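Below: sequence and its predicted model.
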Amino acid sequence: MYWVYQRIQGTNWLMLEVVPQWVVLKPVLLIAIGGALGAGIILAVVTSFFVRRLNQRLKPILDQCDTLIETDIDRIQRLSLQSNDQATLESQLALSIQGKDELDILELSFEHMANQLQASFEELEQRVEQRTAALTAALAQLKQSQLQLVQSEKMSSLGQLVAGVAHEINNPVNFIHGNVSHVDAYAHDLLNLVHLYGKHVPNPPPDIQAEIEAIDLEFLESDLEKVLQSMRMGTDRIRDIVRSLRNFSRLDEAEIKDVDIHEGINSTIIILQNRLKAKSDRPAIEIIKDYGSLPLVECHAGQLNQVFMNILSNSIDALEERDRSRTLEAMKEKPSTIRIWTGKSGKNAVTIRISDNGPGMSETVRSRIFDPFFTTKPIGKGTGMGLSISYQVVTERHNGQLWCESTPGEGTTFVIEIPLRQGENILPQGECMAGAK
(Lines give C-alpha, C1' and ligand atoms only; values in the text may rest on other atoms or scores of the structure.)
Protein backbone atom coordinates (compact mmCIF):
# COMPACT_ATOMS: atom_id res chain seq x y z
CA MET A 1 0.00 0.00 0.00
CA TYR A 2 1.13 3.56 -0.67
CA TRP A 3 -0.10 6.88 1.00
CA VAL A 4 -0.60 9.82 -1.33
CA TYR A 5 -1.22 13.37 -0.08
CA GLN A 6 -1.88 16.78 -1.66
CA ARG A 7 -2.34 20.28 -0.06
CA ILE A 8 -5.76 21.83 -0.64
CA GLN A 9 -5.25 25.23 -2.24
CA GLY A 10 -6.15 28.20 0.00
CA THR A 11 -6.28 26.07 3.13
CA ASN A 12 -3.98 24.39 5.55
CA TRP A 13 -5.60 21.07 4.93
CA LEU A 14 -3.94 18.03 3.39
CA MET A 15 -5.80 15.41 1.49
CA LEU A 16 -4.63 11.86 2.07
CA GLU A 17 -5.44 8.88 -0.11
CA VAL A 18 -4.53 5.23 0.16
CA VAL A 19 -3.35 3.86 -3.25
CA PRO A 20 -2.78 0.12 -3.91
CA GLN A 21 0.75 -0.92 -4.84
CA TRP A 22 -0.20 -2.25 -8.22
CA VAL A 23 -1.63 1.06 -9.23
CA VAL A 24 1.69 2.76 -8.53
CA LEU A 25 3.90 0.09 -10.13
CA LYS A 26 1.71 -0.62 -13.15
CA PRO A 27 3.35 1.96 -15.47
CA VAL A 28 6.79 0.84 -14.40
CA LEU A 29 5.90 -2.79 -14.97
CA LEU A 30 4.37 -1.95 -18.33
CA ILE A 31 7.53 -0.08 -19.34
CA ALA A 32 9.78 -2.90 -18.08
CA ILE A 33 7.73 -5.60 -19.76
CA GLY A 34 7.62 -3.62 -22.97
CA GLY A 35 11.35 -3.01 -22.87
CA ALA A 36 12.05 -6.67 -22.20
CA LEU A 37 9.76 -7.76 -25.02
CA GLY A 38 11.38 -5.27 -27.35
CA ALA A 39 14.85 -6.32 -26.35
CA GLY A 40 13.89 -9.98 -26.75
CA ILE A 41 12.44 -9.33 -30.16
CA ILE A 42 15.53 -7.39 -31.18
CA LEU A 43 17.80 -10.10 -29.74
CA ALA A 44 15.83 -12.80 -31.52
CA VAL A 45 16.06 -10.91 -34.79
CA VAL A 46 19.80 -10.32 -34.33
CA THR A 47 20.38 -13.92 -33.27
CA SER A 48 18.35 -15.23 -36.18
CA PHE A 49 20.31 -13.00 -38.54
CA PHE A 50 23.63 -14.12 -37.00
CA VAL A 51 22.68 -17.79 -37.09
CA ARG A 52 21.52 -17.44 -40.68
CA ARG A 53 24.77 -15.74 -41.64
CA LEU A 54 26.80 -18.36 -39.70
CA ASN A 55 24.93 -21.20 -41.36
CA GLN A 56 25.56 -19.62 -44.73
CA ARG A 57 29.29 -19.49 -43.97
CA LEU A 58 29.40 -22.97 -42.42
CA LYS A 59 27.39 -24.71 -45.14
CA PRO A 60 30.28 -24.89 -47.69
CA ILE A 61 32.61 -26.14 -44.93
CA LEU A 62 30.09 -28.77 -43.82
CA ASP A 63 29.54 -29.82 -47.40
CA GLN A 64 33.30 -30.20 -47.89
CA CYS A 65 33.58 -32.20 -44.65
CA ASP A 66 30.76 -34.51 -45.74
CA THR A 67 32.42 -34.93 -49.12
CA LEU A 68 35.75 -35.71 -47.41
CA ILE A 69 34.11 -38.30 -45.15
CA GLU A 70 32.34 -39.93 -48.08
CA THR A 71 35.58 -39.89 -50.09
CA ASP A 72 37.49 -41.57 -47.26
CA ILE A 73 34.78 -44.22 -46.92
CA ASP A 74 34.81 -44.83 -50.68
CA ARG A 75 38.61 -45.07 -50.65
CA ILE A 76 38.49 -47.63 -47.86
CA GLN A 77 35.91 -49.65 -49.77
CA ARG A 78 37.92 -49.48 -53.00
CA LEU A 79 41.03 -50.76 -51.19
CA SER A 80 38.96 -53.61 -49.69
CA LEU A 81 40.10 -52.65 -46.21
CA GLN A 82 36.69 -52.75 -44.54
CA SER A 83 37.28 -54.96 -41.56
CA ASN A 84 34.84 -55.29 -38.65
CA ASP A 85 36.59 -52.47 -36.80
CA GLN A 86 36.34 -50.16 -39.81
CA ALA A 87 32.65 -50.98 -40.27
CA THR A 88 32.07 -50.25 -36.59
CA LEU A 89 33.95 -46.96 -36.91
CA GLU A 90 31.83 -45.96 -39.90
CA SER A 91 28.60 -46.84 -38.02
CA GLN A 92 29.71 -44.87 -34.99
CA LEU A 93 30.52 -41.90 -37.19
CA ALA A 94 27.08 -42.06 -38.86
CA LEU A 95 25.28 -42.37 -35.49
CA SER A 96 27.30 -39.55 -33.97
CA ILE A 97 26.21 -37.22 -36.78
CA GLN A 98 22.52 -37.94 -36.32
CA GLY A 99 20.75 -35.50 -34.00
CA LYS A 100 23.67 -33.06 -33.91
CA ASP A 101 23.54 -29.43 -34.85
CA GLU A 102 25.88 -27.77 -37.28
CA LEU A 103 28.57 -26.91 -34.74
CA ASP A 104 28.62 -30.46 -33.36
CA ILE A 105 28.82 -31.83 -36.89
CA LEU A 106 31.61 -29.37 -37.65
CA GLU A 107 33.50 -30.47 -34.54
CA LEU A 108 33.09 -34.13 -35.46
CA SER A 109 34.14 -33.43 -39.02
CA PHE A 110 37.25 -31.55 -37.96
CA GLU A 111 38.10 -34.32 -35.50
CA HIS A 112 37.70 -36.86 -38.28
CA MET A 113 39.84 -34.76 -40.61
CA ALA A 114 42.52 -34.41 -37.94
CA ASN A 115 42.58 -38.17 -37.46
CA GLN A 116 42.75 -38.76 -41.20
CA LEU A 117 45.52 -36.16 -41.52
CA GLN A 118 47.51 -37.80 -38.72
CA ALA A 119 47.02 -41.21 -40.32
CA SER A 120 48.11 -39.78 -43.67
CA PHE A 121 51.21 -38.25 -42.09
CA GLU A 122 52.09 -41.57 -40.43
CA GLU A 123 51.49 -43.48 -43.67
CA LEU A 124 53.58 -40.97 -45.62
CA GLU A 125 56.36 -41.15 -43.04
CA GLN A 126 56.31 -44.92 -43.20
CA ARG A 127 56.44 -44.87 -46.98
CA VAL A 128 59.33 -42.41 -46.90
CA GLU A 129 61.21 -44.65 -44.47
CA GLN A 130 60.54 -47.70 -46.63
CA ARG A 131 61.60 -45.90 -49.78
CA THR A 132 64.71 -44.55 -48.06
CA ALA A 133 65.62 -48.02 -46.82
CA ALA A 134 65.02 -49.45 -50.30
CA LEU A 135 67.17 -46.75 -51.92
CA THR A 136 69.92 -47.25 -49.33
CA ALA A 137 69.90 -51.00 -49.95
CA ALA A 138 69.89 -50.45 -53.70
CA LEU A 139 72.81 -48.02 -53.43
CA ALA A 140 74.80 -50.48 -51.31
CA GLN A 141 74.01 -53.28 -53.76
CA LEU A 142 75.04 -51.04 -56.66
CA LYS A 143 78.35 -50.20 -54.98
CA GLN A 144 78.95 -53.86 -54.20
CA SER A 145 78.10 -54.92 -57.75
CA GLN A 146 80.32 -52.18 -59.15
CA LEU A 147 83.27 -53.21 -56.99
CA GLN A 148 82.67 -56.86 -57.78
CA LEU A 149 82.64 -56.05 -61.47
CA VAL A 150 85.88 -54.11 -61.11
CA GLN A 151 87.35 -56.97 -59.07
CA SER A 152 86.23 -59.53 -61.64
CA GLU A 153 87.67 -57.49 -64.49
CA LYS A 154 90.88 -57.01 -62.53
CA MET A 155 91.15 -60.72 -61.79
CA SER A 156 90.36 -61.55 -65.40
CA SER A 157 93.06 -59.17 -66.63
CA LEU A 158 95.47 -60.49 -64.00
CA GLY A 159 94.66 -64.05 -65.00
CA GLN A 160 95.35 -63.28 -68.65
CA LEU A 161 98.61 -61.56 -67.69
CA VAL A 162 99.64 -64.46 -65.46
CA ALA A 163 98.77 -67.00 -68.13
CA GLY A 164 100.73 -65.03 -70.73
CA VAL A 165 103.76 -64.61 -68.48
CA ALA A 166 103.60 -68.27 -67.47
CA HIS A 167 103.50 -69.30 -71.12
CA GLU A 168 106.42 -67.04 -72.05
CA ILE A 169 108.48 -68.27 -69.09
CA ASN A 170 107.54 -71.89 -69.62
CA ASN A 171 109.02 -72.16 -73.12
CA PRO A 172 112.61 -71.10 -72.33
CA VAL A 173 112.52 -72.91 -68.97
CA ASN A 174 111.52 -76.14 -70.70
CA PHE A 175 114.35 -75.57 -73.17
CA ILE A 176 116.84 -75.08 -70.33
CA HIS A 177 115.45 -77.99 -68.33
CA GLY A 178 115.60 -80.28 -71.32
CA ASN A 179 119.21 -79.34 -72.07
CA VAL A 180 120.46 -79.74 -68.50
CA SER A 181 120.39 -83.51 -68.88
CA HIS A 182 122.40 -83.24 -72.10
CA VAL A 183 124.92 -80.92 -70.45
CA ASP A 184 125.20 -83.43 -67.61
CA ALA A 185 125.87 -86.24 -70.03
CA TYR A 186 128.39 -84.18 -72.04
CA ALA A 187 130.21 -83.14 -68.87
CA HIS A 188 130.47 -86.72 -67.67
CA ASP A 189 131.80 -87.76 -71.09
CA LEU A 190 134.48 -85.04 -70.99
CA LEU A 191 135.47 -85.96 -67.45
CA ASN A 192 135.73 -89.62 -68.42
CA LEU A 193 137.95 -88.60 -71.32
CA VAL A 194 140.17 -86.57 -68.94
CA HIS A 195 140.40 -89.53 -66.58
CA LEU A 196 141.27 -91.84 -69.48
CA TYR A 197 143.97 -89.42 -70.65
CA GLY A 198 145.41 -89.24 -67.14
CA LYS A 199 145.44 -93.02 -66.96
CA HIS A 200 147.47 -93.42 -70.13
CA VAL A 201 149.56 -90.28 -69.67
CA PRO A 202 150.47 -90.22 -65.98
CA ASN A 203 153.16 -87.59 -66.56
CA PRO A 204 151.67 -84.95 -68.88
CA PRO A 205 153.78 -82.18 -70.39
CA PRO A 206 154.52 -79.19 -68.15
CA ASP A 207 152.00 -76.92 -69.94
CA ILE A 208 149.14 -79.38 -69.39
CA GLN A 209 150.17 -79.99 -65.79
CA ALA A 210 150.23 -76.24 -65.14
CA GLU A 211 146.73 -75.84 -66.62
CA ILE A 212 145.40 -78.72 -64.50
CA GLU A 213 146.66 -77.00 -61.40
CA ALA A 214 145.35 -73.60 -62.53
CA ILE A 215 141.75 -74.77 -63.03
CA ASP A 216 141.90 -77.05 -59.97
CA LEU A 217 140.64 -80.04 -61.89
CA GLU A 218 139.82 -82.06 -58.78
CA PHE A 219 137.56 -79.31 -57.37
CA LEU A 220 135.99 -78.76 -60.80
CA GLU A 221 135.02 -82.44 -61.02
CA SER A 222 133.34 -82.43 -57.58
CA ASP A 223 131.62 -79.05 -58.01
CA LEU A 224 130.35 -79.61 -61.55
CA GLU A 225 127.91 -82.26 -60.34
CA LYS A 226 126.60 -79.85 -57.66
CA VAL A 227 126.18 -77.05 -60.23
CA LEU A 228 124.24 -79.28 -62.57
CA GLN A 229 122.08 -80.55 -59.71
CA SER A 230 121.28 -76.98 -58.58
CA MET A 231 120.41 -76.03 -62.17
CA ARG A 232 118.08 -79.01 -62.36
CA MET A 233 116.44 -78.02 -59.03
CA GLY A 234 116.12 -74.41 -60.18
CA THR A 235 114.40 -75.30 -63.44
CA ASP A 236 112.11 -77.72 -61.57
CA ARG A 237 111.21 -74.91 -59.17
CA ILE A 238 110.46 -72.51 -62.02
CA ARG A 239 108.33 -75.13 -63.75
CA ASP A 240 106.38 -75.72 -60.51
CA ILE A 241 105.76 -71.99 -60.15
CA VAL A 242 104.64 -71.69 -63.77
CA ARG A 243 102.37 -74.71 -63.33
CA SER A 244 100.93 -73.19 -60.16
CA LEU A 245 100.29 -69.87 -61.90
CA ARG A 246 98.48 -71.63 -64.71
CA ASN A 247 96.50 -73.78 -62.30
CA PHE A 248 95.60 -70.74 -60.20
CA SER A 249 94.37 -68.63 -63.10
CA ARG A 250 92.47 -71.52 -64.76
CA LEU A 251 91.51 -69.40 -67.75
CA ASP A 252 90.80 -72.55 -69.73
CA GLU A 253 88.35 -73.78 -67.07
CA ALA A 254 85.69 -71.07 -66.86
CA GLU A 255 82.97 -73.71 -66.75
CA ILE A 256 82.35 -76.13 -63.92
CA LYS A 257 84.73 -79.09 -64.04
CA ASP A 258 85.89 -81.93 -61.82
CA VAL A 259 88.87 -80.54 -59.93
CA ASP A 260 91.45 -81.77 -57.41
CA ILE A 261 90.97 -79.40 -54.45
CA HIS A 262 94.43 -80.20 -53.06
CA GLU A 263 96.05 -79.14 -56.32
CA GLY A 264 94.38 -75.72 -56.07
CA ILE A 265 95.46 -75.30 -52.43
CA ASN A 266 99.05 -76.32 -53.21
CA SER A 267 99.21 -73.92 -56.16
CA THR A 268 98.02 -71.08 -53.93
CA ILE A 269 100.65 -71.94 -51.29
CA ILE A 270 103.41 -71.91 -53.89
CA ILE A 271 102.31 -68.46 -55.11
CA LEU A 272 102.33 -67.19 -51.50
CA GLN A 273 105.67 -68.83 -50.71
CA ASN A 274 107.49 -65.50 -50.76
CA ARG A 275 105.27 -64.25 -47.89
CA LEU A 276 105.60 -67.51 -45.96
CA LYS A 277 109.38 -67.85 -45.99
CA ALA A 278 111.59 -66.53 -43.19
CA LYS A 279 112.36 -62.81 -43.09
CA SER A 280 115.00 -60.85 -41.27
CA ASP A 281 112.60 -60.01 -38.42
CA ARG A 282 110.71 -63.31 -38.11
CA PRO A 283 110.97 -67.04 -38.78
CA ALA A 284 109.06 -68.71 -41.59
CA ILE A 285 105.30 -69.22 -41.26
CA GLU A 286 104.77 -72.96 -41.14
CA ILE A 287 102.09 -74.58 -43.29
CA ILE A 288 100.70 -77.82 -41.85
CA LYS A 289 98.78 -79.89 -44.39
CA ASP A 290 96.31 -82.38 -42.97
CA TYR A 291 94.76 -83.59 -46.20
CA GLY A 292 92.11 -86.26 -46.26
CA SER A 293 91.22 -88.53 -49.14
CA LEU A 294 88.99 -86.43 -51.39
CA PRO A 295 87.37 -87.30 -54.69
CA LEU A 296 87.33 -84.82 -57.55
CA VAL A 297 84.96 -81.93 -56.81
CA GLU A 298 82.71 -80.28 -59.38
CA CYS A 299 83.44 -76.53 -59.11
CA HIS A 300 84.78 -73.35 -60.71
CA ALA A 301 88.46 -73.99 -60.06
CA GLY A 302 89.73 -70.46 -60.68
CA GLN A 303 87.10 -68.87 -58.43
CA LEU A 304 87.70 -71.39 -55.65
CA ASN A 305 91.46 -70.78 -55.86
CA GLN A 306 90.73 -67.08 -55.35
CA VAL A 307 88.84 -67.98 -52.16
CA PHE A 308 91.89 -69.92 -50.91
CA MET A 309 94.10 -66.97 -51.79
CA ASN A 310 91.92 -64.46 -49.90
CA ILE A 311 91.67 -66.59 -46.75
CA LEU A 312 95.36 -67.54 -46.67
CA SER A 313 96.39 -63.92 -47.31
CA ASN A 314 94.24 -62.75 -44.41
CA SER A 315 95.79 -65.40 -42.14
CA ILE A 316 99.30 -64.29 -43.15
CA ASP A 317 98.36 -60.64 -42.53
CA ALA A 318 97.05 -61.49 -39.05
CA LEU A 319 100.17 -63.50 -38.16
CA GLU A 320 102.53 -60.80 -39.43
CA GLU A 321 100.64 -58.13 -37.51
CA ARG A 322 100.84 -60.20 -34.31
CA ASP A 323 104.55 -61.00 -34.80
CA ARG A 324 105.48 -57.32 -35.02
CA SER A 325 104.86 -57.04 -31.28
CA ARG A 326 106.68 -60.29 -30.36
CA THR A 327 110.33 -60.93 -29.71
CA LEU A 328 112.34 -63.38 -31.80
CA GLU A 329 112.53 -65.73 -28.82
CA ALA A 330 108.74 -65.69 -28.42
CA MET A 331 108.29 -66.39 -32.13
CA LYS A 332 110.68 -69.34 -31.95
CA GLU A 333 108.95 -70.66 -28.83
CA LYS A 334 105.48 -70.40 -30.41
CA PRO A 335 105.96 -70.18 -34.19
CA SER A 336 103.25 -68.86 -36.46
CA THR A 337 101.43 -71.70 -38.17
CA ILE A 338 98.60 -72.19 -40.63
CA ARG A 339 96.89 -75.58 -40.60
CA ILE A 340 94.86 -76.76 -43.60
CA TRP A 341 92.48 -79.67 -42.99
CA THR A 342 90.40 -81.31 -45.70
CA GLY A 343 87.90 -84.13 -45.52
CA LYS A 344 84.49 -85.34 -46.57
CA SER A 345 81.36 -84.04 -44.86
CA GLY A 346 78.71 -86.70 -44.97
CA LYS A 347 78.26 -88.38 -48.32
CA ASN A 348 77.91 -85.47 -50.69
CA ALA A 349 80.16 -82.61 -49.52
CA VAL A 350 83.76 -81.72 -48.74
CA THR A 351 85.10 -79.45 -46.02
CA ILE A 352 88.22 -77.29 -46.03
CA ARG A 353 89.29 -75.78 -42.70
CA ILE A 354 92.03 -73.12 -42.76
CA SER A 355 93.18 -72.28 -39.22
CA ASP A 356 95.88 -69.98 -37.87
CA ASN A 357 97.22 -69.47 -34.35
CA GLY A 358 97.10 -65.69 -34.70
CA PRO A 359 95.51 -63.06 -32.45
CA GLY A 360 91.91 -63.99 -33.32
CA MET A 361 89.12 -61.43 -33.47
CA SER A 362 86.30 -60.10 -31.35
CA GLU A 363 82.68 -61.16 -31.82
CA THR A 364 81.87 -57.70 -33.20
CA VAL A 365 84.50 -58.02 -35.94
CA ARG A 366 83.66 -61.69 -36.60
CA SER A 367 79.96 -60.90 -37.13
CA ARG A 368 80.85 -58.37 -39.86
CA ILE A 369 83.78 -60.16 -41.48
CA PHE A 370 81.82 -60.98 -44.66
CA ASP A 371 80.14 -57.55 -45.01
CA PRO A 372 81.07 -55.62 -48.16
CA PHE A 373 83.66 -52.85 -47.61
CA PHE A 374 84.33 -53.92 -44.01
CA THR A 375 88.02 -54.10 -43.17
CA THR A 376 90.23 -53.74 -40.11
CA LYS A 377 93.32 -53.04 -42.20
CA PRO A 378 94.81 -49.56 -42.61
CA ILE A 379 93.73 -47.39 -45.51
CA GLY A 380 95.34 -48.52 -48.72
CA LYS A 381 95.95 -52.12 -47.57
CA GLY A 382 92.49 -53.55 -47.99
CA THR A 383 89.23 -52.86 -49.82
CA GLY A 384 87.02 -54.95 -47.55
CA MET A 385 85.79 -57.00 -50.53
CA GLY A 386 88.04 -60.09 -50.44
CA LEU A 387 86.05 -62.11 -47.93
CA SER A 388 82.74 -60.70 -49.18
CA ILE A 389 83.49 -61.94 -52.70
CA SER A 390 84.73 -65.24 -51.26
CA TYR A 391 81.43 -65.65 -49.42
CA GLN A 392 79.47 -65.08 -52.62
CA VAL A 393 81.69 -67.49 -54.58
CA VAL A 394 81.13 -70.27 -52.04
CA THR A 395 77.44 -69.69 -51.22
CA GLU A 396 76.00 -68.44 -54.52
CA ARG A 397 78.19 -69.97 -57.20
CA HIS A 398 78.93 -73.29 -55.48
CA ASN A 399 75.80 -73.75 -53.35
CA GLY A 400 78.04 -74.15 -50.30
CA GLN A 401 78.71 -72.56 -46.94
CA LEU A 402 81.47 -70.35 -45.56
CA TRP A 403 81.75 -69.27 -41.97
CA CYS A 404 84.34 -68.07 -39.47
CA GLU A 405 85.19 -69.31 -35.99
CA SER A 406 87.44 -67.14 -33.84
CA THR A 407 88.38 -66.50 -30.23
CA PRO A 408 90.54 -63.52 -29.21
CA GLY A 409 94.05 -64.72 -28.42
CA GLU A 410 93.48 -68.25 -29.78
CA GLY A 411 93.39 -67.82 -33.54
CA THR A 412 90.87 -67.96 -36.37
CA THR A 413 89.40 -70.73 -38.49
CA PHE A 414 87.60 -70.35 -41.81
CA VAL A 415 85.42 -73.29 -42.80
CA ILE A 416 84.41 -73.97 -46.42
CA GLU A 417 81.81 -76.58 -47.29
CA ILE A 418 80.83 -77.28 -50.88
CA PRO A 419 78.91 -80.16 -52.45
CA LEU A 420 80.72 -82.75 -54.50
CA ARG A 421 78.26 -82.16 -57.34
CA GLN A 422 76.58 -78.85 -58.06
CA GLY A 423 72.85 -78.96 -57.50
CA GLU A 424 73.13 -81.18 -54.45
CA ASN A 425 72.18 -79.84 -51.02
CA ILE A 426 74.46 -80.03 -48.02
CA LEU A 427 73.57 -80.15 -44.37
CA PRO A 428 73.11 -76.90 -42.41
CA GLN A 429 76.18 -75.29 -40.90
CA GLY A 430 77.88 -77.41 -38.30
CA GLU A 431 75.80 -80.60 -38.70
CA CYS A 432 78.32 -82.32 -40.93
CA MET A 433 81.43 -81.17 -39.07
CA ALA A 434 81.57 -83.86 -36.42
CA GLY A 435 84.65 -85.45 -37.94
CA ALA A 436 86.36 -82.24 -38.92
CA LYS A 437 87.26 -80.91 -35.49
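Cool, the structure landed. Numbering: from 1, shown residues only.

Looking at the closest residue to residue 407 other than its chain neighbours now. What's its pLDDT?
Take residue 407 and drop its neighbours on the chain: the residue closest to it by CB to CB, 6 or more residues apart in numbering is residue 360, 5.1 Å away. Just so you know, the C-beta spots here come from the backbone N, C-alpha and C atoms, and that holds for glycine as well. Looking at residue 360, its pLDDT is 89.

how far away is residue 360 from residue 238?
Between residue 360 and residue 238 the distance is 38 Å, computed by CB to CB, to the nearest Å.

how distant is the longest helix along the chain from the center of its chain?
With DSSP state H setting the assignment, residue counts place helix 102-200 as the longest helix in the chain. A distance of 15 Å separates the centroid of the chain from that of helix 102-200, by CA atoms, centre = their mean, to the nearest Å.

What of stretch 227-237?
That offset, for stretch 227-237, works out to 48 Å (CA atoms, centre = their mean).

what's that stretch in contact with?
The contact list for stretch 227-237 (CB atoms under 8 Å, 6 or more residues apart in numbering) reads 173, 176, 177, 180, 181, 183, 184, 187.

And for the second one, nearest residue in space, chain neighbours not counted?
In space, and not counting its chain neighbours, residue 176 is closest to residue 235: 5.5 Å by CB to CB, 6+ apart.

burial measure for that neighbour, as a count.
19 (other CB atoms under 10 Å).

For whichever strand or helix holds it, give the mean pLDDT please.
Assigned by DSSP states H and E, residue 235 belongs to helix 217-249. Averaged over helix 217-249, pLDDT sits at 79.

mind checking the SS state of residue 335?
The three-state label given to residue 335 by DSSP: H, G, I helix; E, B strand; the rest coil is coil.

Look up how far residue 324 lies from it.
Residue 335 is 15 Å from residue 324, by CB to CB.

neighbour count winner among the two?
Taking other CB under 10 Å, residue 335 and residue 324 do not tie; residue 335 has more neighbours (15 against 9).

sec struct for the residue most central in space within the chain, please.
What sits nearest the mean C-alpha location of the chain, by CA atoms, centre = their mean, is residue 371, with 3.4 Å. Under three-state DSSP, residue 371 falls in the coil class.

How many neighbouring residues does the residue nearest to it when sequence neighbours are not counted have?
Once flanking residues are discounted, residue 371 sits nearest to residue 388: 6.6 Å by CB to CB, 6+ apart. Using other CB under 10 Å, residue 388 has 22 neighbouring residues.

And residue 388, its phi and psi?
phi -60, psi -40 (degrees, to the nearest 10).

which residues touch it?
With CB under 8 Å, 6+ apart, residue 388 has these contacts: 144, 370, 371, 372, 373, 374.

Touching, the fifth one and residue 385? I think so.
Yes: under the criterion of CB atoms under 8 Å, residue 373 makes contact with residue 385 at 6.8 Å.

so the longest helix of the chain versus helix 217-249, what angle?
Helix 102-200 runs at 160 degrees relative to helix 217-249, counting by axes from the mean of the first three to the mean of the last three CA atoms, to 10 degrees.

Where do the helices of the stretch 301-437 of the chain begin and end?
301-323, 328-333, 363-367, 386-395 (DSSP state H, counting those that start in this stretch).

between the ones you listed, which one is nearest to residue 214?
Comparing the helices of the stretch 301-437 of the chain against residue 214 with CB to CB, the closest turns out to be helix 328-333 (45.9 Å).

in the closest one, what counts as buried?
Using 16 or more other CB atoms under 10 Å as the test for burial, helix 328-333 gives residue 331.

quick one: contacts of it?
Applying CB under 8 Å, 6+ apart, the contact partners of helix 328-333 are 281, 282, 283, 323.

hey, what's residue 286 bridged with?
residue 337 (DSSP bridges).

Let's see the pLDDT reported for it.
At residue 286, the model reports a pLDDT of 92.

Next one: it from residue 194, what distance?
Distance from residue 286 to residue 194, by CB to CB: 46 Å.

One more: residue 239?
On the measure of CB to CB, residue 239 and residue 194 end up 32 Å apart.

What of residue 47?
For residue 47, the distance to residue 194 - CB to CB - is 144 Å.

When these two are compared, which one has more neighbours?
The neighbour count for residue 47 versus residue 194, taken as other CB under 10 Å, is higher for residue 194 (14 against 10).

which residues sit in contact with that one?
residue 217.

swap in the one 3 residues further on?
Taking CB under 8 Å, 6+ apart, we find residue 197 in contact with residue 204.

Give me the local confidence score for it.
pLDDT at residue 197 comes out at 84.

And this structure, what are its domain boundaries?
2-98, 258-437 (automatic domain parsing).

Residue 136: which of those is closest?
Residue 136 lies closest, by CB to CB, to one member of those: domain 258-437, at 13.3 Å.

Skipping adjacent residues, who's closest to residue 351 in space?
Going by CB to CB, 6+ apart, residue 351 has residue 345 as its nearest residue, at 4.5 Å.

I figured that neighbour hits residue 353, correct?
No: counting by CB under 8 Å, residue 345 does not reach residue 353; the two are 10.5 Å apart.

Looking at the two, which has the bigger crowd around it?
Set side by side, residue 345 and residue 353 show more neighbours around residue 345, with 23 against 19, by other CB under 10 Å.

so how many other residues sit close to the nearest residue to residue 272 once chain neighbours are set aside?
The shortest distance from residue 272 to any non-neighbouring residue, by CB to CB, 6+ apart, is to residue 312 (5.9 Å). When counting by other CB under 10 Å, one arrives at 24 neighbours for residue 312.

contacting residues for residue 312?
Residue 312 touches 268, 269, 272, 338, 354, counting by CB under 8 Å, 6+ apart.

Which residues are in contact with residue 224?
By CB under 8 Å, 6+ apart, the neighbours of residue 224 are 187, 191.

And it, how close does it get to residue 183?
In terms of CB to CB, residue 224 sits 10 Å off from residue 183.

quick one on the thing from earlier: just name the closest of the contacts of residue 312 to residue 55, please.
Of all the contacts of residue 312, residue 354 has the smallest distance to residue 55: 85.4 Å, by CB to CB.

So which helix or strand of the protein has the lowest pLDDT on average?
helix 84-97 (a mean of 51; mean pLDDT, DSSP states H and E).

how many neighbours does residue 41 have?
The number of residues near residue 41, taken as other CB under 10 Å, comes to 10.

which SS class is it?
Once three-state DSSP is applied, residue 41 turns out helix.
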